[in-house]
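**Student:** I would like the atomic coordinates for the input below:
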Amino acid sequence: MTEDELDPARWAFEGRGPYPRRGGHRVTPWIDGVPFYNRLAEAFRAARSRIWAIVSFIEPGFRFPDGTPWWQLLAEAEARGVDVRVLFWRNPNFFSTAHVFGGGPKDREQLQAWGAAWAARWDSSGEDRAHCHHQKAYLVDAYEDDAVAFVGGMVLSTSTLAHRGHHRGPHKHDAFLELEGPAVADAEHNFVQRWNLARQDPEAPPWPDAERAGPLPFPTRVPPPRGAVEVQLARTLRPGCYGDNSAEATILDHYRRAFAAARRTVYIENQHPGQFELLSALTRALERGVRVVMIVPGVPMAAIYRARAEVRALAQRSRAEALAHRYGSTFLALDRLGAFPNFTLAALARTDGSEHRLREIYTHAKLCIVDGEWLTIGSANLVDLSLDADHTELNAAVWGQDTALPLLRQLCAEHTDNPSYATLDDLEAVTRFAEHARASRASFDAGGPI
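**Tutor:** Residues are numbered from 1 along each chain as shown. Here you go, the predicted structure:
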């Protein structure tokens with residue numbers, strides 16, 4: 001099926017939100033950390049006017065694959081006259097891990113030690129202990145006609161620096177999307193809105209001062225077409241986050257409509273597969289005969305284990321008590337998916353050495369491909385916190401078989417060490433992947449390799 005033969009009515013959705021669906025883009029998916037961070041470093045070094053970054057989590061000592069510290073690339077750009085700005089997340093009441101650069105005294109000492117002349121602001125969650133400004137995005141040469149935007153889910157962490165195929169190291173599997181064309185103006189708007197309206201705590205004032213980290217003008221031009229791909233930026237914003245009218249759940253809208261439109265395949269990679277409405281939509285897709293593959297961490301975060309244990313304990317007393325739990329219906333919906341033969345839940349792993357030692361490849365990606373015709377990549381997990389107007393998230397949705405199907409083939413080939421996916425359609429690719437996953441599990445259960 002060619003682009004011209006795609007059913008336009010089935011894919012006509014846009015979702016609620018300020019950013020329209022736009023044509024005229026060049027889109028490049030980046031899979032795994034080493035390829036992506038090599039590309040990002042290249043873009044930073046080539047920047048002529050601006051580098052803007054939205055950072056949720058960061059390892060302060062992070063280095064690009066060539067060994068260059070991230071802050072050094074920013075300093076080099078600033079020294080040659082590039083306007084460098086970084087918007088960090090701050091949650092002073094809950095997240096205090098080493099991967100949150102919250103702008104307190106220790107972090108400011110670090111900035112001083114780096115000699116950082118670039119500008120920074122901290123967008124605070126205030127008193128909301130559960131809230132996260134979770135977006136990850138970069139802009140190079142904003143306001144210019146050839147500006148480039150990067151939207152995705154990777155954090156600036158050594159554990160993200162994985163080579164394709166994950167043949168060595170306990171590294172994460174992740175994804176980013178590079179965009180050129182009209183929707184870059186929307187990425188610029190998102191940055192400027194958040195930068196100008198960031199909630200600032202007195203303990204984390206702008207760096208190096210309010211003048212250098214002053215407000216920005218909103219973009220007034222739309223970049224010219226750079227290709228033929230349709231793109232829409234989608235967000236999650238909690239009500240009132242950036243003004244009285246700022247509430248958005250466009251990412252959830254996209255997932256709803258994409259799952260309803262699915263006729264053949266749904267392929268998901270996600271760290272948190274737990275939004276009840278979307279799990280129910282996947283059930284309806286499975287009932288229609290759609291093949292669904294969901295790739296998740298083999299060993300999820302501790303919070304998921306805790307919630308599961310709580311739901312199981314309540315279920316031993318009564319189904320009603322289990323359903324009363326915040327995630328009771330979610331776990332029951334996950335259980336229902338497992339009853340369908342056309343559903344495959346998989347984790348990425350390798351076995352090393354003759355002893356077949358198991359090594360998980362942690363799935364941190366947040367991506368979905370439907371029918372090989374539509375895809376989304378971004379920061380949003382498939383969980384209520386990321387989709388129901390709570391956390392701050394940013395995804396890019398892409399329409400078109402010429403982009404979505406090659407990405408599906410690439411992912412399936414990487415995960416199975418098998419290049420034969422290059423000519424398969426979406427149904428053949430997903431079916432072969434599911435068969436490989438089951439055979440791999442059977443081999444491991446029998447004492448063999450994955």
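
**Student:** assign Glu76 to helix, strand or coil.
**Tutor:** Secondary structure assignment for Glu76 (DSSP: H, G, I helix; E, B strand; the rest coil): helix.

**Student:** now do the contacts for the residue lying closest to it once chain neighbours are set aside.
**Tutor:** Spatial nearest neighbour of Glu76, excluding adjacent residues (C-beta to C-beta, 6 or more residues apart in numbering): Arg45 at 7.6 Å. Every C-beta, even on glycine, is put in place using the N, C-alpha and C of the backbone. By C-beta atoms under 8 Å, 6 or more residues apart in numbering, the contact list for Arg45 reads Leu73, Glu76, Ala77.

**Student:** swap in Trp122?
**Tutor:** Here Trp122 is in contact with Leu87, Phe88, Trp89, Arg90, Gly102, Gly103, Ala198, Gln200, Asp201, Ala204 (criterion: C-beta under 8 Å, 6+ apart).

**Student:** surely it is in a helix?
**Tutor:** No. According to three-state DSSP, Trp122 belongs to no helix; its state is strand.

**Student:** so what's it bridging to?
**Tutor:** Phe88 (DSSP bridges).

**Student:** separation between Ala446 and Thr416?
**Tutor:** If you measure Ala446 against Thr416 using C-beta to C-beta, to the nearest Å, the figure is 19 Å.

**Student:** so which of the contacts of Arg45 is the closest to Asp174?
**Tutor:** Closest to Asp174 out of those is Leu73 (19.8 Å), distances taken as C-beta to C-beta.

**Student:** and the helix or strand containing the closest one, what does it pack against?
**Tutor:** Element membership for Leu73, per DSSP states H and E: helix 70-79. The contact analysis (3 or more C-beta pairs under 8 Å, 6 or more residues apart in numbering; DSSP states H and E) places helix 70-79 against helix 33-46, strand 83-90.

**Student:** okay, the ones you listed, which one's buried deepest?
**Tutor:** Among these, strand 83-90 has the highest mean neighbour count (mean count of other C-beta atoms under 10 Å), at a mean of 23.

**Student:** residues in contact with it: which ones?
**Tutor:** 49-58, 74, 77-78, 100-103, 118-125, 132-134, 191, 194-195, 198, 201, 204, 213, 216.

**Student:** next: stretch 213-231.
**Tutor:** Counting by C-beta under 8 Å, 6+ apart, 21-27, 85, 119-121, 142-147, 179-185, 188-189, 191-193, 195-196, 206-207, 396-400, 402-403 sit against stretch 213-231.

**Student:** tell me the contacts of Ile450?
**Tutor:** Ile450 makes contact with Ala349, Arg350, Thr351, His356, Leu358, Ser440, Arg441, Ser443, Phe444, according to C-beta under 8 Å, 6+ apart.

**Student:** again, 6 Å this time
**Tutor:** Ile450 sits next to Ala349, Arg350, Thr351, Ser440, Phe444 when contact means C-beta atoms under 6 Å, 6 or more residues apart in numbering.

**Student:** mind listing which of those are in helices?
**Tutor:** Counting by DSSP state H, the contacts of Ile450 place Ser440, Phe444 in helices.
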